[in-house]
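[1] This is the structure alone, sequence omitted:
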């Protein structure tokens, strides 16, 4: 299998490189043919977002993509992407552990398995489980922006994006001129928390002697280590929420007038006390532990000349996970060891013609798991006697009509997997937006997608859990309508959406079984969800009339009509955020000194069973985080407090305690060499 993949990859690279060398067209700007002067100007002035297969700018995109910029990231009182996404109103962030150790990320009432996570456009989802998907190798300071697309996104990101997708972008356009920079970051705080990181960047342009063509080669490296004692202890008196981890990330790029090539290689290695993360009333273990090692690698390119633009990519993701039900005691419960390799190759392409912009492409992805607990027997007597392998193949076709005030995007994705001999399945979608004037845009969409069950959902069987290997794939269909207002002083958006899910997968428990209750993975028949989402950004207006430079307000409401069965408790599908309100205010105290305040209030639908057997409803709670920052050219100093009012009574995940107030202070220095 590996030899086949290597042959395919080398063949594609050779063919693409030949196309680069023989490209002769002389138009470097990306412009749709015959779609109006204004559309062309917007295409050049706005950044590309990936809400569709063909590259469209943020202003042109028919679907609304939430973009969290580098500035948003720098001002937020967070230490991980997991924490940052708490402030995205349509995203549900349920943390089991602090510092991003383990977080379930979902969108619009879905589960953590139904969201596609991408690093620079490359799918890094682990088919074993979605619990650790956001275990990233890069530091926050390396992230250029985060794009959040809500709703089924199969046409743009593949069929794993059942309810949405999150794309973390670390690569920016290479700068001109020789440049070398080094940055150092250090911070520390409550519960023995400490972190140190370093970044280095080198950019070197080269010139041909025969012409003026510029070639820019850029290399960036970042690395860091963090640790914490944690905020709690087990009944035996041992630390059970401690954390330690290291990251290393290298990315490079080659850019000239004909082609741009980007590549990255990242490593994340970390371990954390898992406390009562997976405990049940039947199995009340409070000293669990987990250790993961992840490697991410990819190379992708884009041609700049010619009528047909090619965007090939190849990638390999390697994931190792060791779960200890009783920390350091395999004689009581054997460790659950997993090793998963994901190999992928895809080719995307698009071209402009009189009728608009057409995109097409295909992807092949092989997912191979070796495990001590998951899968079928593999006649291996070592740590990985079980395993499962599946190959997913997909193809897509999309067409975009770009007029002066109108964007219409329609297409489909077709998908086939050798799991359970599943044949080709086709999922269509259409997006529409119309700009009434320079300030108001209305939009509507219909999209559908599919998701295969994770290997954990199919095979996990330990104390208190019983998986079903015959789960069916999930299917989702969604409609959305809304309007957006943009002006020099404020912006606002309102969206109304409806999701219809079929064969939805969840872990449920029948509490009427008492001590014999266990979590079982099942397909729900269907779930209908309806929601409304609103955002209001007064940043330009507030900066003109008050010391407050930013004021952002967001609210979302969700209602699911899945009929609840008596005595049935759900982990995911029947537990969702009915209400979520987020507010952010930034004020400039004096020159170079800013204060940011973030408020998050949420009300979750659902119940959990305590270790004493009581069934409790989730109760609404509010959390306030703050950050004080001194910015000076070349360095930054900050202090922040998470959970400012020391709320220790809120429950976001049943039987998993959360920390109270957490103080952190730190500094960063950037030096031009």
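    The structure has been received and is ready for your questions. Predicted model only: the values in this text are computed from it and were never measured.
[2] Now residue 648: closest residue in space that isn't a chain neighbour?
    Take residue 648 and drop its neighbours on the chain: the residue closest to it by C-beta to C-beta, 6 or more residues apart in numbering is residue 660, 4.5 Å away. To be clear about C-beta, it is placed using only N, CA and C from the backbone, and glycine gets the same treatment.
[3] isn't there a helix covering the one you found?
    No: using DSSP: H, G, I helix; E, B strand; the rest coil, the assignment for residue 660 is coil, not a helix.
[4] Would you map the helices across the stretch 1-150 of the chain?
    2-22, 37-45, 70-75, 81-84 (DSSP state H, counting those that start in this stretch).
[5] Worst mean pLDDT among those helices?
    Lowest mean pLDDT within these: helix 37-45, at a mean of 33.
[6] ok, the helix or strand encompassing residue 264: who's next to it in the sheet?
    Taking DSSP states H and E as the definition, residue 264 sits inside strand 259-275. Sheet pairing of strand 259-275 (DSSP bridges) gives strand 243-255 (antiparallel), strand 288-303 (antiparallel).
[7] Mind listing what's buried along the first one?
    Counting neighbours by 16 or more other C-beta atoms under 10 Å, one finds that the buried residues in strand 243-255 are 243-245, 247-253, 255.
[8] And stretch 505-512, by the same measure?
    Buried, per 16+ other C-beta under 10 Å, within stretch 505-512: 505-511.
[9] Hmm, residue 117 is touching residue 125, no?
    Yes: contact criterion C-beta atoms under 8 Å: residue 117 and residue 125 qualify, at 5.6 Å.
[10] Overlap in contacts, those two.
    By C-beta atoms under 8 Å, 6 or more residues apart in numbering, residue 117 and residue 125 have these common neighbours: residue 133.
[11] Low-confidence bits of the stretch 101-250 of the chain, can you list those?
    173-178, 205-213 (pLDDT under 70).
[12] What ranges does it have for its strands?
    Here the stretch 101-250 of the chain has its strands, by DSSP state E, counting those that start in this stretch, at 103-107, 115-119, 122-123, 145-150, 164-169, 179-189, 193-207, 214-228, 243-255.
[13] ok, now the stretch 351-500 of the chain?
    Residue ranges of the strands in the stretch 351-500 of the chain, as given by DSSP E, counting those that start in this stretch, are 356-371, 376-377, 386-402, 406-417, 422-435, 440-451, 465-466, 474-486, 491-510.
[14] can these go into CSV with extra columns for distance to residue 295?
    Below are these laid out as CSV (distance: least, C-beta to C-beta, whole Å):
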stretch, distance to residue 295
strand 356-371, 14
strand 376-377, 25
strand 386-402, 19
strand 406-417, 24
strand 422-435, 29
strand 440-451, 24
strand 465-466, 28
strand 474-486, 28
strand 491-510, 28
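[15] Tell me which of those lies nearest to residue 54.
    strand 356-371 (3.9 Å; C-beta to C-beta).
[16] elements contacting the closest one?
    Secondary-structure packing of strand 356-371 (3 or more C-beta pairs under 8 Å, 6 or more residues apart in numbering; DSSP states H and E): strand 336-353, strand 386-402, helix 455-459.
[17] Show me which positions of that strand end up buried.
    Neighbour-count burial for strand 356-371, counted by 16+ other C-beta under 10 Å, picks out 356-361, 363-371.
[18] Quick one, which of the strands of the stretch 351-500 of the chain gets closest to residue 574.
    strand 491-510 (7.1 Å).
[19] partner strands of the closest one, parallel or antiparallel?
    Sheet pairing for strand 491-510, using DSSP bridges, gives strand 474-486 (antiparallel), strand 519-537 (antiparallel), strand 568-570 (antiparallel).
[20] And those, which one averages the lowest pLDDT?
    Looking at the strands paired with strand 491-510, the bottom one is strand 568-570 with a mean of 76.
[21] any idea which helix or strand comes after that strand?
    Remark: after strand 568-570, the chain's next helix or strand is strand 576-590, criterion DSSP H and E.
[22] That next one: how far from the chain's middle?
    21 Å (C-alpha atoms, centre = their mean, to the nearest Å).
[23] May I see the helices and strands packed on strand 356-371 organised as a markdown table, with mean pLDDT and mean neighbour count added?
    Output for the helices and strands packed on strand 356-371, formatted as a markdown table (pLDDT from 0 to 100; neighbours: other C-beta atoms under 10 Å):
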| stretch | mean pLDDT | mean neighbour count |
| --- | --- | --- |
| strand 336-353 | 95 | 20 |
| strand 386-402 | 93 | 20 |
| helix 455-459 | 91 | 24 |
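[24] Cool, thanks, signing off.
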